[in-house]
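Student: output the structure for:
(one chain, ligands or ions: 1)
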Amino acid sequence: MTIQTAAAVKPRVPHPFPYQGSKRGIAAQILPHLPINTRCLIEPFCGSAAISLACAASGRVQRFWLNDANAPLIGLWAQVLERPVELAARYEELWRQQLPDRKAFFFQVRDEFNRTHEPHLLLYLLARIVKGAIRYSADGRFNQSPDNRRSGMQPSTLREQILGVSTLLATRTKLTALDFRSVVTEATLDDVIYMDPPYQGTSFTRDHRYFGGVSYDEFVEVLQGMNDRGVSYIISYDGRTGDKKHGRSLPNRLSLQHLHIRAGRSSQLTLLGHARETVESLYLSPTLMDRLHVEGAGAASDEHKSKQPELTFEGWMRPSRRTSRRWVSGDR
Ligand SMILES: C[S@@+](CC[C@H](N)C(=O)[O-])C[C@H]1O[C@@H](n2cnc3c(N)ncnc32)[C@H](O)[C@@H]1O
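Tutor: So this is what the prediction gives:
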């Protein structure tokens with residue numbers, strides 16, 4: 001008989017769809033900065049919600065609030081959580097229909113999505129687009145092209161992933177499609193907000209990379225307001241690859257703890273023969289630092305480091321039992 005020790009069991013973290021800018025790769029380095037008594041983890045810029053999923057899989061936090069300004073994306077999240085079986089079946093239908101002309105079929109689905117905003121169509125588009133990178137035109141139409149080398153995730157794999165996501169989050173997650181400012185004002189002192197805003201300089205009107213957009217000055221002003229209210233938060237913001245800096249650092253006057261996280265090598269640059277490492281900034285708010293110190297789990301202590309959860313993001317073992325209670329608005 002093999003006895004599994006706790007250390008041998010790594011929580012597996014499912015993911016719902018490919019998403020450019022996903023923090024899956026560095027989630028294990030972010031999680032230790034969440035106090036153990038966190039009531040609710042709030043992600044105002046959730047995208048594919050890699051941090052909430054990693055937290056839920058490791059059992060660190062019990063309640064979640066996922067928000068994104070992109071309303072059709074939140075519509076997709078609602079289906080992932082509430083109707084994963086039906087969603088997976090509709091994805092499979094599209095995936096099979098795409099043969100023999102995947103390219104033409106993609107554009108057909110894209111047109112239909114722009115008319116209807118139906119969640120299963122968005123799921124198919126996310127699975128097929130270049131680097132999972134959402135792009136919208138100035139008039140708000142989804143205009144990203146397909147990656148013609150790939151067919152999109154196999155239906156059986158996708159089914160397993162979204163069932164896993166639903167099992168982890170369905171009963172304890174609130175979903176909203178608001179501007180991030182309306183979300184952060186609702187946080188209580190026991191919550192933690194994790195913010196991963198769109199890459200600086202991207203906005204809905206300028207380069208159409210993301211829905212919404214947040215200017216540096218506006219963002220800093222919101223953070224100052226959060227400091228004044230004593231709200232705990234963590235931010236992923238600027239970074240660098242080799243000598244190249246991405247974005248502007250947050251100002252000293254916010255009194256944030258500035259950490260650097262190794263995010264691995266850029267695969268594009270490695271292909272070109274320039275193996276440069278990417279380092280991302282992580283900022284911790286003053287109140288969050290106080291909470292971590294009180295817990296005796298300050299970000300820099302050895303004890304704190306030893307609490308880093310071991311997570312694996314390859315595949316997902318489906319649990320034997322699924323819960324199906326719907327999330328209730330305001331229930332967090
Ligand atoms: C860098 S992505 C977040 C990626 C996420 N951390 C993940 O793991 O997938 C930024 C997200 O912010 C959303 N967004 C942009 N402007 C916003 C705003 N003003 N309020 C709320 N969400 C916004 C975008 O739609 C996008 O999904």
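Student: the ligand contacts on the chain?
Tutor: Contacts of the chain with the ligand, taken as C-beta under 6 Å from any ligand atom, map to 19, 21-23, 44-45, 47-48, 50, 68-70, 179-180, 196-198, 210-214. (C-beta placed from N, C-alpha, C; glycine too.)
Student: separation between the residue nearest to Ser145 when sequence neighbours are not counted and the ligand?
Tutor: Nearest residue to Ser145 in three dimensions, chain neighbours excluded: Val130, at 6.2 Å (C-beta to C-beta, 6 or more residues apart in numbering). Counting by C-beta to the nearest ligand atom, to the nearest Å, the gap from Val130 to the ligand is 16 Å.
Student: Arg96 now?
Tutor: Note on Arg96: its distance to the ligand, by C-beta to the nearest ligand atom, is 27 Å.
Student: give me the neighbour count for that residue.
Tutor: When neighbours are defined as other C-beta atoms under 10 Å, Arg96 has 9 of them.
Student: got it, and the one 5 residues further on?
Tutor: The number of residues packed around Asp101, counting by other C-beta under 10 Å, is 10.
Student: with Leu73 instead?
Tutor: Using other C-beta under 10 Å, Leu73 has 22 neighbouring residues.
Student: helix, strand, or coil at it?
Tutor: The assignment at Leu73 comes out as helix when based on DSSP: H, G, I helix; E, B strand; the rest coil.
Student: who's in contact with the most centrally placed residue in the chain?
Tutor: Ranked by distance to the mean C-alpha position of the chain (C-alpha atoms, centre = their mean), the top residue is Ala49 at 2.6 Å. Counting by C-beta atoms under 8 Å, 6 or more residues apart in numbering, Ala49 touches 16, 43, 64, 66, 77.
Student: tell me how far the first one lies from Met226.
Tutor: Taken as C-beta to C-beta, to the nearest Å, the spacing of Pro16 relative to Met226 amounts to 28 Å.
Student: now do the helices in the stretch 201-332 of the chain.
Tutor: Using DSSP state H, counting those that start in this stretch, the helices of the stretch 201-332 of the chain run over residues 216-229, 267-271, 286-294, 302-306.
Student: list the buried residues for stretch 158-172?
Tutor: 158-172 (16 or more other C-beta atoms under 10 Å).
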